[in-house]
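Asker: next one to model:
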Amino acid sequence: MCHDLGIIIHHGYVRIAEPLQNVVVQEGERAKFVCKIDVHDLDLPRLKVTWRINGRYFNSEPSRGTHLRRVNVLQDEGYMDLEDSSEDLDDDTPDYEGSGNRRLVFKQDRGWHTLILRKTRVHDAGIYSCIASVGRDTDMSSAHLKIESAPDHPNNVRLVSCHGNTAALSWEPGEENGNKVLEFQVQFNTSDNPDVWHDFEESFDQEARMVTLDLYPGLTYSFRVKARNVLGSSKPSAPTDRKCTTAPDRPDRNPRNVRTNTGVKNTLVIEWTPMSRLHFHGPRFRYHVHWRRHGSFKWNRQYVDDPAQGFLDVETGDVYELYNLQVKAENSMGEAHHPAYVYMGRSGESEPLVAPSNFSLNPEKTLEPHTAHFTWDAVDRDTKLICGKFKGYKLRYWTSNEGFSKKKEVEIIMGENLSEYGDDSSQIKIALSDLPAYVSLQAQVAVINSHYTGPFSKILEFFTPEGLPSPVQDLRRQAYGVAYVLLKWRPPEQPNGVIQGYDIAYQQVFGVSLGQIRPLMPHINDPTTLGARITGLRPEHRYRFIVWARTRKGRGEANFVDIVTAKGTPPHPPQIKVAELGNSSVNVTWIMNDQASRDVKYQVEYRKSGQKSWHNTDFIVDKSWMTLNEAKVRAKDLEVRLVASNRLGDTATSRTVAVAKSDKTSGYLKPPVLDSSGYRSSGVNGREASAQSKGRSSKSTGGCSQAWSVVGALLFLRFYCIVFQQ
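Answerer: Down below sits the predicted model:
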């Protein structure tokens, strides 16, 4: 039997058809070995498949000390998880099952046998073998599992020597774990802060085993080492057993970034960056601060004993005066080896003493709805008047209605080259945008230095012209039906003028594309109208409705809402059949065109001839007539029309019928007319005309009515006799 890797060993009627493949994964990833076994169907019950690592067996069958979960080994498809290790694994075998997390999984699918190792660890690497046997016939295949990870930490880190400000350090490299070590990084801590580890600025190549380190004076050190490859850094080694203590010395440098802060009045605030503990170089470290007025020969001195403090406040009583500064580092051994630099700084600023003059609107520019152009005389930049470093100007403004408490402020930062701001050094000209339109505004301007604002100029009052309104708010669909939509909205948040009314348009929506925008007429010219009913739409169609507010300057920005109409059929326009008039009432009769639809209801609207608005009755259902009582028909001339409505609110209106009231108990219909809403009235049909004629001649035909009654009675008796005889 041959045990070479990748070689298939044949013994008879069982055969591994495909050899195991070498697997390379990174630590934490899943590793999988697949073993394809060919065996005669008659030998399947006797087939036994086992796995081993580095010559040690672990079985994919139950054995003593092994706990199986989700076992299904009698079917062609199944898998099993091993939780606890078999007792034939010694302590050097990877703890696949011992952790209780089921890292090792065996799967079987017909002739395919798979070993899966979850969440691989470095010590899982090795030679994995699949052994298939039927009785004494055996076949085997093996392959490598390589686990790549960051290297192991170096071992046996030792402090070889410690002399003066140098130390020699040695170590032994750990396992590379599949990738070559690129470099070693030495770290150190100090006894006064042992939890903080610092990297030496220099790293050492993969060949290094001993290095010499330059140390800071006056500290006690411990060391440790880390290795790094392409996958990352190792864990740090254990710290050295021995410590290295260096002798104290004077500081090697002085504090950096020495400056002044001019934000405190009558005070010289000296600031610097506190030094690191590594640069103290000895005990009793402190700062020695020197300052003097520029031009003076006498230095003032003060110690700052807290090494973490980075400032000193000195009361001077002056404003923005120039000073010379020095900050020195020293410890018990003396001042720093290098002399401290002399810096320049100033004492604190104060409020400027001068205000801009001739503040006004720029006559060369037109006042716009949202932009105003201002001009004023530039101030003298003398530091005595500015009381600090000149920064620019502050412009503040507020509306007359809201008052000063709602003011807004804008800083105008001036550079060294004033021409950038459109001025000629004596005249400042600026434009201020984002102003509210059509309001009364008040504005002022003042000088600013780095920290303070001077007195403001006189108040300038002006009125911005009318502009375009912002979009209407809360545009929504309040109701909709088969053929109509009722839109509602609120006025624009910023009218920017006097709202004259609203414009509405619509466009059909076809998936992601939009149809042509079509305006709806007439425009709404009443600004208090905050809704519109739009009719004549198609059922089950998507529309986009667009609404603009309008001032005298024009339309503002649009708002829109998408709406889908309901499914169904709108009601048909009803037909008024007759209106019979009496002294105290009017009877209105109509033909119900929507009898098949039970959700249609009817309402009579009436008005005095010549009026624009209509009065209406309550809706009724399942009736084709209505009586208007005396209180409703006191007018001499009336017009009536009929409205049909379904449950969704879709409506259809009949023609308008004009009637004249007389002193008799009969009336007549006037010719059709157009109502004020533009609805077209249809002509009177022959049946209605004949009904009116009958009403007007009722008195003259009374005798004929009686004769026809007698004839009817005789015909009934004749019919009765015939039936009785039969």
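
Asker: quick one: low-confidence ranges for the chain?
Answerer: Residues of the chain that meet the criterion pLDDT under 70 lie in 1-12, 58-102, 416-425, 578-584, 593-598, 630-636, 660-726.

Asker: show me it divided up by domain.
Answerer: Taking automatic domain parsing as the reference, the chain has its domains at 14-148, 155-245, 256-346, 357-463, 473-564, 575-684.

Asker: with mean neighbour count added, can I get those in a markdown table?
Answerer: All C-beta spots, glycine's among them, are computed from the backbone N, C-alpha and C. Shown next, in a markdown table, are those (neighbours: other Cβ atoms under 10 Å):
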| stretch | mean neighbour count |
| --- | --- |
| domain 14-148 | 16 |
| domain 155-245 | 16 |
| domain 256-346 | 16 |
| domain 357-463 | 16 |
| domain 473-564 | 16 |
| domain 575-684 | 16 |
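
Asker: residues contacting R224?
Answerer: The neighbourhood of R224, defined by Cβ atoms under 8 Å, 6 or more residues apart in numbering, consists of V157, V186, Q187, F188, W197, P236, S237, A238, P239, T240.

Asker: quick one, helices of the stretch 351-500 of the chain?
Answerer: Along the stretch 351-500 of the chain, counting by DSSP state H, counting those that start in this stretch, helices occupy 383-386.

Asker: mind listing the strands for it?
Answerer: For the stretch 351-500 of the chain, the strands defined by DSSP state E, counting those that start in this stretch occupy 357-361, 372-377, 390-399, 408-413, 427-432, 440-449, 453-456, 460-463, 473-480, 485-490.

Asker: to R293, which of these lies closest?
Answerer: Each of the strands of the stretch 351-500 of the chain was scored for nearness to R293 using Cβ to Cβ, and the closest is strand 440-449 (20.5 Å).

Asker: okay, angle between the closest one and strand 357-361 too, please.
Answerer: Relative orientation of strand 440-449 and strand 357-361, computed by axes from the mean of the first three to the mean of the last three Cα atoms, to 10 degrees: 140 degrees.

Asker: the nearest residue to I504 once chain neighbours are set aside is in what secondary structure piece?
Answerer: Closest residue to I504 apart from its sequence neighbours, by Cβ to Cβ, 6 or more residues apart in numbering: L520 at 4.5 Å. With elements taken from DSSP states H and E, the one containing L520 is strand 518-524.

Asker: in its sheet, what does that strand sit against?
Answerer: The strands that strand 518-524 pairs with in its sheet are strand 501-510 (antiparallel) (by DSSP bridges).

Asker: gap between the partner strand and the chain center?
Answerer: Averaging C-alpha positions (Cα atoms, centre = their mean, to the nearest Å) puts strand 501-510 29 Å from its chain's average.

Asker: give me the residues contacting that strand.
Answerer: Taking Cβ under 8 Å, 6+ apart as the rule, strand 501-510 contacts 472, 487, 489, 514-520, 523-527, 529, 532, 534, 541-550, 555, 562.

Asker: go with 7 Å
Answerer: 514-520, 523-527, 532, 541-550, 555, 562 (Cβ atoms under 7 Å, 6 or more residues apart in numbering).

Asker: CA atoms only: put that strand into CSV for me.
Answerer: As requested, C-alpha coordinates have been extracted for strand 501-510 and formatted as CSV (Å, rounded to 0.1, in the frame of the first residue of the first chain):
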residue,chain,number,x,y,z
GLY,A,501,-54.7,82.9,-6.7
TYR,A,502,-53.7,79.4,-7.9
ASP,A,503,-53.0,77.6,-11.1
ILE,A,504,-53.6,73.9,-11.6
ALA,A,505,-52.4,71.6,-14.4
TYR,A,506,-52.3,67.9,-14.8
GLN,A,507,-50.5,65.2,-16.8
GLN,A,508,-51.0,61.5,-17.2
VAL,A,509,-48.5,59.1,-15.7
PHE,A,510,-47.5,56.1,-17.9
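
Asker: use 734 as the first number for this chain going forward.
Answerer: Sure, I'll start counting at 734 from here, so that last one is strand 1234-1243.

Asker: show me what the helix or strand just after it is packed up against.
Answerer: Per DSSP H and E, the first helix or strand lying C-terminal to strand 1234-1243 is strand 1246-1247. Of the remaining helices and strands, none touches strand 1246-1247 by 3 or more Cβ pairs under 7 Å, 6 or more residues apart in numbering; DSSP states H and E.

Asker: which of the helices or strands spans W784?
Answerer: Under the assignment here (DSSP H and E), W784 is part of strand 780-786.

Asker: what about that strand, distance to the chain center?
Answerer: Taking Cα atoms, centre = their mean, one finds the center of strand 780-786 at 56 Å from the center of the full chain.

Asker: which strands and helices sit next to it?
Answerer: Packing contacts for strand 780-786, counted by 3+ Cβ pairs under 7 Å, 6+ apart, involve strand 789-792, strand 859-867.

Asker: redo the ones you listed as TSV? Include distance to T979.
Answerer: Below are the helices and strands packed on strand 780-786 laid out as TSV (distance: least, Cβ to Cβ, whole Å):
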stretch	distance to T979
strand 789-792	53
strand 859-867	47
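
Asker: is it true that R891 touches S903?
Answerer: Yes - proximity of R891 to S903 meets the contact threshold set by Cβ atoms under 7 Å, at 5.2 Å.

Asker: for the stretch 934-1083 of the chain, which segments count as helices?
Answerer: Using DSSP H, counting those that start in this stretch, helices in the stretch 934-1083 of the chain do not occur.

Asker: which residues in it form strands?
Answerer: If DSSP E, counting those that start in this stretch is used as the criterion, the strands of the stretch 934-1083 of the chain fall at 937-938, 943-947, 953-962, 965-966, 977-978, 989-994, 1000-1006, 1019-1026, 1033-1037, 1044-1048, 1055-1064, 1067-1068, 1076-1079.

Asker: of the ones you listed, which is nearest V1087?
Answerer: Proximity of the strands of the stretch 934-1083 of the chain to V1087 was assessed by Cβ to Cβ; the nearest stretch is strand 1076-1079, lying at 19.0 Å.

Asker: what are the pairing partners of the strand holding W784, and which direction each?
Answerer: For strand 780-786, using DSSP bridges, the partner strands are strand 789-792 (antiparallel), strand 859-867 (antiparallel).

Asker: tell me which of these sits nearest to N926.
Answerer: Between N926 and those, the tightest spacing by Cβ to Cβ is seen for strand 859-867, at 43.6 Å.

Asker: downstream of the closest one, the next helix or strand is which one?
Answerer: Counting by DSSP H and E, the next helix or strand C-terminal to strand 859-867 is strand 870-881.

Asker: can you list the helices and strands that whichever helix or strand comes after that following strand packs against?
Answerer: Following the chain from strand 870-881 toward its C-terminal end, the next helix or strand by DSSP H and E is strand 888-896. Under the contact criterion of 3+ Cβ pairs under 7 Å, 6+ apart, the helices and strands touching strand 888-896 comprise strand 899-905, strand 953-962.
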